[in-house]
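Colleague: below is the sequence, then the predicted model.
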Amino acid sequence: MKKKIVLFTVIAIVAALSLSVLLAGCTTVDMSKAGPDEIKEYGKLVVATSPDFPPFENLEDGEIVGWDIDVANELAKMLGVELEIKSMAFDAVLASVATGKAHIGMAGISYSAKRDETMDFSVNVYDSQQVIIVRADNNEINGPMDLEGKTVAVQAGTIGNWLAEMDEDYAYTTNENNEKVARLGTPSSVSALDSGLTAIQRVKTDHADAVILDKLTAQEIVVSLNAQGGDQLKILETSVYGDAYAFAIGEGNVKLKEWIDAAYQELVDNGTIARLNEKWNIE
């Protein structure tokens, strides 16, 4: 009997050890609650981005560069840790932060009440506008209301996407009589694509009537595409919507938000942000 008890005990110990090894191999770090101390202990600041949004992030010779990336490097230095950049589609950046697969999302992310439901945000870091891009020879679309019945291309998961789809939280405002009014005409169809560049190329090739995109990135892309093949694109003067960029962090992560806000203010105060704005031609 004693031999059987010993045998069963050994088997149980081996099974427990095997299970612990298996679980250790499957363990993932939830970064959504990590504050600055936990990041220092982890040894890396993990930032999710979508490198298709110049000048904030873009691919140059296979390397991810841009204003957001430079700021991320400064934050990592302040923490005394390595910076790890994770590249993905824009809507995946937001999901990555919400599910704890990255400490911060930095991808020209506009703050919105809708996004604030599943994640938190730093202090605003840049004021932007949503603008309309059309072909240079398009004389039918001269402002937001002229998008009525038109085909619109957008980058998936962006404010421009929600505007084009006439989302109640973005595509409407109230007038002086407290009546709900649309900010733009209702498009006949909306194509949600992987990047702003892809969306604008649809307009350039006459496969869409217009694009709604962030102003600074729209300017970068339009200048680049016009340089390649004549002045075929233009940006309308009247914007559709005003918004502000911030860095996305895990829901309820107060410690990291407070640290980022203070660290960003320090970068403003010591002139780093002004230097980066000049470097990337951000006004």
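Modeller: Arrived safely, thanks for sending. Predicted, not measured: the structure shown is a model, and the values here were computed from it.
Colleague: quick one, helices of the stretch 151-283 of the chain?
Modeller: For the stretch 151-283 of the chain, the helices defined by DSSP state H, counting those that start in this stretch cover 159-164, 196-204, 215-229, 254-269, 272-279.
Colleague: most packed of those helices?
Modeller: Highest mean neighbour count among the helices of the stretch 151-283 of the chain (mean count of other C-beta atoms under 10 Å): helix 159-164, with a mean of 26. Every C-beta, even on glycine, is put in place using the N, C-alpha and C of the backbone.
Colleague: could you list the domains of the chain?
Modeller: With domains defined by automatic domain parsing, the chain comprises 31-125+246-279, 128-243.
Colleague: any weak-confidence spans in the stretch 51-200 of the chain?
Modeller: By pLDDT under 70, the stretch 51-200 of the chain has no low-scoring segment.
Colleague: ok, N142 - contacts?
Modeller: Counting by C-beta atoms under 8 Å, 6 or more residues apart in numbering, N142 makes contact with 236, 238.
Colleague: ok, now the one 3 residues further on?
Modeller: Contact criterion C-beta under 8 Å, 6+ apart gives 182, 184-185 as the residues in contact with M145.
Colleague: among those residues, which one lies nearest to S128?
Modeller: The nearest member of the contacts of M145 to S128, counting by C-beta to C-beta, is L184 at 16.7 Å.
Colleague: so where's the longest strand in the protein?
Modeller: Longest strand in the chain by number of residues (criterion: DSSP state E): strand 126-135.
Colleague: who's in contact with it?
Modeller: Outside strand 126-135, the residues touching it (C-beta under 8 Å, 6+ apart) are 108, 110, 141, 143-144, 147, 159-160, 163, 200, 203-204, 206, 209-216, 218, 222, 232-236, 238-245, 282.
Colleague: now that strand: buried residues?
Modeller: For strand 126-135, the buried set under the neighbour-count rule, 16 or more other C-beta atoms under 10 Å, comprises 126, 128, 130-135.
Colleague: quick check, pLDDT for K4.
Modeller: pLDDT recorded at K4 is 43.
Colleague: that older thread, pull out the buried members of the contacts of strand 126-135.
Modeller: Counted by 16+ other C-beta under 10 Å, those give 108, 110, 141, 144, 147, 159-160, 163, 200, 203-204, 209-216, 218, 222, 232-236, 239-241, 243, 245 as buried.
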